[in-house]
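**Q** give the three-dimensional model of this entry:
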Amino acid sequence: ITWPSLEKRVKNSRWLGFTISRDQTAKLWDFDDRDHKMRGTFNGEGTDRVHEAPIMVAALSWPHRRGVTGAKDGTLALWNLETQELINSFLSGKYGPFTAMDADFDNKRLLTGSGEGFLCIWDVERLRHLKCIQAHDGSKIAIVRAYWPENRGITCAFDGRIRMWDLLKTTILGTFDIHEGPITAVTLDFESVLVLSGDDDGMLHYWNMDSRMSLAMLRGHEDRINVIRADFEQDIAITASNDETARIWTISNGRCVGTLVGHTQPVRDVQVDFENELAITCSDDMSIRFWNLSTFTCTDVIGGEHLGRINIIRARFDQEPPMMVSTSDDYTLRLWNLHTKKCEELLASHFGKITNLLM
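**A** Numbers count the residues shown, from 1 in each chain. Here you go, the predicted model:
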């Protein structure tokens, strides 16, 4: 049997996914394939095994057919997504566990952050180490973002600080230090220099990257911010929190315009279609809820399918029918039809918790 190449699948806009797991493997999925959705395993048994600890971060490019994985043992691996072959690896572990990653395959650069506060720059084409600095005095870096056309980067750490960097000189451009707790979520726009950041205490700040001036404080959540989805042009954001709620905000004035109440445990993820005023949330209570954003009411609940907390949801609203993938601590993925709210397929291939799903 011959299968369409990954290159052809990308050109045909297939719905592709890449999961990483505590079982030390990554897997490639084609959610549009009728019979064989799992298309490859990375870091499996054999000569290409690199990671000997949970894989915590990853970055990929479907057009380039390349992916990078980073693990808790401080190892990195560069993969050919087409052939599932290892291209290169970094095995020393001297920077500590990799906890954050951002890649630009067009500009051939990879930015990583570690649990010991190291910020590293790599040539992603060959996984060649270029520079590394101690960026947060040993504090865990939770998030990194880079804008390579201007050689700018940002790091968010558990010390409560967000730092802006000149990545060419590896020098600090400035620090935003108004947060009092570890930074847990961020969304930003490098071109408009706008940032919305959230922390472990439930506080959100809207601020200017150049001036580091706070433009608005978004108060309302009472616990850790897990996810921020925002549209700066429409001046709207939705956040998910450990306080069992999601909230909708007008960003510029920090006003909470609606609270989504119904989950009984932390809300882990949210997907939103602002145009059609639809939000979908998932929670530790093992349920998925659908919300009307004009009335802030729950219109549907899915429960009883997953056997563990639901960590991640990814929706594709622009296809017919619209579909969604969810991942759970029960080690599985489920594929959902958003019209019928029915699970169309259970995907069980991992043997450990799924730590991220990249699309």
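**Q** roughly how far is stretch 272-282 from the heart of the chain?
**A** Centroid separation between stretch 272-282 and its chain, computed with Cα atoms, centre = their mean, to the nearest Å, is 18 Å.
**Q** buried stuff in that stretch?
**A** By 16 or more other Cβ atoms under 10 Å, the buried positions in stretch 272-282 come out as 272, 274, 278-282. No exception for glycine: its C-beta is placed from N, CA and C like everyone else's.
**Q** between those, which is nearest residue 290?
**A** Lowest distance from residue 290 to those (Cβ to Cβ) belongs to residue 280, with 5.6 Å.
**Q** state the distance from that closest one to residue 335.
**A** Using Cβ to Cβ, to the nearest Å, we find residue 280 at a distance of 14 Å from residue 335.
**Q** before we move on, what about residue 187?
**A** Residue 187 is 26 Å from residue 335, where distance means Cβ to Cβ.
**Q** can you check residue 71 too?
**A** Residue 71 is 27 Å from residue 335, by Cβ to Cβ.
**Q** what about these two, which has more around it?
**A** Using other Cβ atoms under 10 Å, the more surrounded residue of residue 71 and residue 335 is residue 71, with 24 against 18.
**Q** so what pairs up with that one in the strands?
**A** Applying DSSP bridges to residue 71 gives these bridge partners: residue 55.
**Q** how many residues are close by the spatially closest residue to residue 338 that is not a sequence neighbour?
**A** Once flanking residues are discounted, residue 338 sits nearest to residue 322: 4.1 Å by Cβ to Cβ, 6 or more residues apart in numbering. For residue 322, the count of nearby residues is 16 (other Cβ under 10 Å).
**Q** mind listing what residue 322 touches?
**A** 315-316, 337-339 (Cβ atoms under 8 Å, 6 or more residues apart in numbering).
**Q** I'd like these laid out as CSV, including secondary structure, neighbour count and pLDDT.
**A** Formatted as CSV, the contacts of residue 322 follow (DSSP: H, G, I helix; E, B strand; the rest coil; neighbours: other Cβ atoms under 10 Å; pLDDT from 0 to 100):
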residue, secondary structure, neighbour count, pLDDT
315, strand, 21, 97
316, strand, 16, 96
337, strand, 14, 97
338, coil, 20, 96
339, coil, 10, 95
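**Q** now, which of those sits nearest residue 297?
**A** Once Cβ to Cβ is applied, the member of the contacts of residue 322 that ends up nearest residue 297 is residue 338, at 17.5 Å.
**Q** and the strands in the stretch 201-350 of the chain, which stretches?
**A** With DSSP state E, counting those that start in this stretch as the criterion, the stretch 201-350 of the chain has strands at 204-208, 214-218, 225-231, 236-241, 245-250, 255-261, 267-273, 278-283, 287-292, 297-303, 310-316, 323-328, 332-337, 342-348.
**Q** what's the closest of these to residue 356?
**A** Closest to residue 356 of the strands of the stretch 201-350 of the chain, according to Cβ to Cβ: strand 310-316, at 7.0 Å.
**Q** can you list the strands that the closest one pairs with?
**A** Each strand paired with strand 310-316, and its direction, by DSSP bridges: strand 323-328 (antiparallel).
**Q** and the strand it pairs with, what's its mean pLDDT?
**A** Mean per-residue pLDDT for strand 323-328: 98.
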